[in-house]
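# Sequence first, then the predicted structure:
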Amino acid sequence: MEIPYLNNLQPGPLQSGVIVAVAAVLAILLAMIVHRIGIVVLRRLVRNRPFTTNATRIAFRASQVCVALFAVRVVLTAAPDDTPGLRSLSYVCTVALIVALTWFVMRCIVSVSATITQLNPYDVADNLKARRILTQTRVLTRSAYFITGLLGLAFVLLTLPGARQFGASLLASAGVAGLVAGIAARPVLGNFIAGLQIAFSQPIRIDDVLIVNGEWGRVEEITGTFVVVRIWDERRMIVPLQWFIENPFENWTHTSSTILGTVFLWLDFKVPLEALRTEFERVCKAAPQWDGRVCVLQVTDSNERAMQVRMLVSAQNSGNAFDLRCAIRESMIAFIAEHHPEALPRLRSAIDPVELTPSTLADAGVHDKILDGAPMQR
């Protein structure tokens, strides 16, 4: 096939440049068509495989850019030596291809994370295993992101002129500067290593219920450097990853989401415990938050004024336990106030009898006159 415009050009750099440009455009169009056909065929072949299906959807654009840049790179490799700017175009295309491949690998990592999340939903009642897998997936995904970006940057520097000399000069002056950089990077590296420890040992997981510095909350997000704890009043506590490795904290859902809750009441000694226990069991059975495991009423303490009654209940999770405790406390106080008001705590006092003597009677008479307004006789 001959193009008249190219035939009219004199052989030389201009003709080579035009030929390379036209070939690059045709190669990009051909690569796009092949890419589109390949994606359609791949989706039909792996229709019931969630990982490959998600990968073709999430990494579609990145793979398209990689195929197009690879086609351009092939054209530049076969281009004549007298093509204008061939060396610069080759470097730019190589760097762009490395960046596109890094982007493609990152999108594949995202597709893996999305597939694992899809196969392990954690918005169910018994979600301990799902939360464990989800936590590992998120932390490892961010670690893989970091490593992929670092490798991509390293390959880009290796392709650029002078990058090796720059690296050699950095190594030659790595004395005090290296020590300072190491100290400065210690928190970053510490959080990175702490993230890997959390991913494998899992002291915390996504949606775990924690007590951190006296605050009750749920793990909302685990990033590469910190953990977001959603407190019950919708505040957010930002805690570094390394803090969970170095400090003690409470995890209410480490092995199971089930939990025990207590309700304490101070009552008078006259309270009928059997009637109180019967009403307590009735309230537990009527409450939708009770899981049917534990329902115990006991006297756990007493002093000179009243006794302490503890009502122990169980629930499927901490949220249900809190609602159940509030419902039991309200119902039991209302029951006692209505049926046994004498059982409410009271302050007792005793008046000792007074022995009346003539002087006491005389003082009492004088006092009565003063109260009646009578004048005192001297």
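The structure has been received and is ready for your questions.
# switch to C-alpha atoms for all contacts and neighbour counts from now on
Noted.
# For stretch 277-289, which outside residues touch it?
Residues outside stretch 277-289 that contact it (C-alpha atoms under 8 Å, 6 or more residues apart in numbering) are 290, 292, 295, 297, 311, 313, 315-316, 320-321, 323-324, 327-328, 331-332, 335.
# So which of these are in strands?
Cross-referencing those against strands under DSSP state E gives Trp290, Gly292, Cys295, Leu297, Met311, Val313, Ala315.
# List just the nearest of those residues to Asn48.
The closest of the ones in strands among the contacts of stretch 277-289 to Asn48 turns out to be Ala315 (C-alpha to C-alpha; 38.8 Å).
# count of residues packed around the closest one?
Burial of Ala315, expressed as a neighbour count using other C-alpha atoms under 10 Å, amounts to 24.
# about what we covered before: report the lowest-confidence entry in the ones in strands among the contacts of stretch 277-289.
Lowest in pLDDT among these is Gly292, which has 88.
# ok, so what distance separates Ser229 from Ala24?
If you look again at residue 229, you'll see it is Val, not Ser. Distance, Val229 to Ala24, by C-alpha to C-alpha, to the nearest Å: 52 Å.
# ok, back up a step: taking the ones in strands among the contacts of stretch 277-289, tell me the two that lie furthest apart.
Pairwise over these, using C-alpha to C-alpha, the maximum falls at Leu297 and Ala315, 15.8 Å.
# Do I have it right that Met311 meets Gln298?
Yes: with contact defined as C-alpha atoms under 8 Å, Met311 reaches Gln298; the gap is 6.6 Å.
# higher neighbour count, those two?
Ranked by neighbour count (other C-alpha under 10 Å), Met311 and Gln298 place Met311 first, with 23 against 13.
# who's in contact with that one?
Thr262, Val263, Phe264, Phe280, Cys295, Val296, Leu297, Gln298.
# I'd like to know how many residues surround the residue nearest to it when sequence neighbours are not counted.
Leaving out its chain neighbours, the residue that sits closest to Met311 by C-alpha to C-alpha, 6 or more residues apart in numbering is Leu297, at 4.5 Å. Neighbour count of Leu297, defined by other C-alpha under 10 Å: 21.
# now swap in Ala144 and tell me
Count around Ala144 with other C-alpha under 10 Å applied: 16.
# Now do the same for it: helix, strand or coil?
helix (DSSP: H, G, I helix; E, B strand; the rest coil).
# what about the strands in the stretch 251-378 of the chain?
According to DSSP state E, counting those that start in this stretch, the stretch 251-378 of the chain carries its strands in the segments 259-267, 290-302, 307-315.
# Of those strands, which is nearest Pro80?
Using C-alpha to C-alpha, the strands of the stretch 251-378 of the chain put strand 259-267 closest to Pro80, at 74.9 Å.
# Could you figure out how far the closest one is turned away from strand 307-315?
Per axes from the mean of the first three to the mean of the last three C-alpha atoms, to 10 degrees, the angle that strand 259-267 makes with strand 307-315 is 160 degrees.
# So in that sheet, which strands flank strand 259-267, and in what orientation?
strand 307-315 (antiparallel) (DSSP bridges).
# what's the spacing between the spatially closest residue to Phe322 that is not a sequence neighbour and Leu267?
For Phe322, ignoring the flanking residues on the chain, the nearest one in space by C-alpha to C-alpha, 6+ apart is Gly261 at 7.3 Å. Per C-alpha to C-alpha, Gly261 is found 19 Å from Leu267.
# Repeat that for Trp232.
31 Å.
# Let's test this: mean pLDDT of the helix or strand hosting Ala130, rounded?
Assigned by DSSP states H and E, Ala130 belongs to helix 128-159. Across helix 128-159, pLDDT averages out at 78.
# Enumerate the positions of that helix that are buried.
128, 130-145, 148-149, 152, 156-157 (16 or more other C-alpha atoms under 10 Å).
# now stretch 298-308
Buried-residue list, stretch 298-308, by 16+ other C-alpha under 10 Å: Ala306, Met307, Gln308.
# mind listing what Ser63 touches?
Contacts for Ser63 (C-alpha under 8 Å, 6+ apart) come out as Ala100, Leu101, Phe104.
# Could you list the low-confidence segments of the stretch 1-150 of the chain?
Applying pLDDT under 70 to the stretch 1-150 of the chain flags residues 1-15, 17, 82, 122-128.
# Show me what the helix or strand containing Leu42 is packed up against.
Assigning secondary structure by DSSP H and E places Leu42 in helix 13-45. If you count contacts as 3 or more C-alpha pairs under 8 Å, 6 or more residues apart in numbering; DSSP states H and E, helix 13-45 packs onto helix 4-8, helix 50-58, helix 60-77.
# Please repeat the previous calculation with a cut-off of 7 Å.
The helices and strands touching helix 13-45, judged by 3 or more C-alpha pairs under 7 Å, 6 or more residues apart in numbering; DSSP states H and E, are helix 60-77.
# roughly how far apart are Leu29 and Arg138?
Leu29 is 37 Å from Arg138, by C-alpha to C-alpha.
# nope, Leu76 is what I was after
For Leu76 relative to Arg138 (C-alpha to C-alpha), the value is 40 Å.
# for Ala154, same thing?
From Ala154 across to Arg138, the span is 24 Å (C-alpha to C-alpha).
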